[in-house]
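Undergrad: task: produce atomic coordinates for the following.
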Amino acid sequence: MNAARVDTVGGVVRVDVLAPPAVCPSVKKIRPSRRSVNEEEIYQEHVLEHYEDPYHRGHCPAYTHAHEDNNPLCGDVVRVELELDDAGRVKQAWFDGKGCCISQASASMLMEQIEGKTTDELKAFSARDMLDLFQAQLTPNRQKCCLLSWRVLQSAIAAPVTPDENGGTT
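TA: Next up is the predicted model:
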């Protein structure tokens with residue numbers, strides 16, 4: 001059970017919980033932190049859902065664009081594979097990689113978000129948009145984990161592959 005602290009500030013009741021260490025392997029080493037109940041719910045429901053049951057994790061069967069990169073600060077790796085139609089719209093978006101809960105969950109969220117979008121819409125999708133999509137508050141170092149998949153996506157848009165590179169499936 002989580003420890004809780006209840007304060008009344010200006011007539012508003014605020015409940016802070018001492019969050020247990022996250023289930024994510026990379027976050028286990030972090031000391032428990034104080035979060036409001038609402039933030040804890042977002043983290044549990046949104047982030048862990050994408051980490052434990054990711055959207056389109058694996059390889060795109062007929063990708064036309066791909067890129068892979070890492071976060072040199074922590075070693076997280078994300079690869080994004082996209083299948084774009086002739087009009088430049090994302091038919092399928094897949095990711096694969098290894099790393100912390102934040103980098104992998106954010107990649108899942110991003111793949112789900114971008115299917116059906118045009119390359120112009122993807123280029124206009126900013127780092128701030130990515131952090132808003134993730135929803136949970138992050139320290140500057142953890143923002144880099146969240147933004148890894150966004151950075152890889154921006155490079156993948158400009159990285160078409162040949163049929164030889166993707167097994168001849170285009």
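
Undergrad: show me where pLDDT drops low in the chain?
TA: Scanning the chain with the threshold set as pLDDT under 70 gives 1-44, 163-170.

Undergrad: could you point out the longest helix of it?
TA: Secondary structure of the chain read by DSSP state H shows that its longest helix is helix 140-157.

Undergrad: identify the residue nearest residue 127 in space, chain neighbours excluded?
TA: residue 147 (5.5 Å; C-beta to C-beta, 6 or more residues apart in numbering). The way it works is simple: take the backbone N, C-alpha and C, and place the C-beta from them, glycine included.

Undergrad: and that neighbour, how many neighbours?
TA: Counted with other C-beta atoms under 10 Å, the neighbours of residue 147 add up to 22.

Undergrad: hmm, it is touching residue 125, no?
TA: No: at 11.5 Å, residue 147 does not count as touching residue 125 under the criterion of C-beta atoms under 8 Å.

Undergrad: which residues touch stretch 131-138?
TA: For stretch 131-138, the surrounding residues in contact (C-beta atoms under 8 Å, 6 or more residues apart in numbering) are 39, 42-43, 46-47, 102, 105-106, 109-110, 113, 143, 145-147.

Undergrad: ok, now which ones touch residue 108?
TA: Contacts of residue 108 (C-beta under 8 Å, 6+ apart): 50, 51, 54, 55, 56, 57, 95.

Undergrad: can you put those in TSV and add distance to residue 137, secondary structure and neighbour count?
TA: Listed next are the contacts of residue 108 as TSV, based on distance: C-beta to C-beta, whole Å; DSSP: H, G, I helix; E, B strand; the rest coil; neighbours: other C-beta atoms under 10 Å:
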residue	distance to residue 137	secondary structure	neighbour count
50	17	helix	22
51	17	helix	23
54	22	coil	20
55	23	coil	18
56	26	coil	18
57	25	strand	15
95	23	strand	28
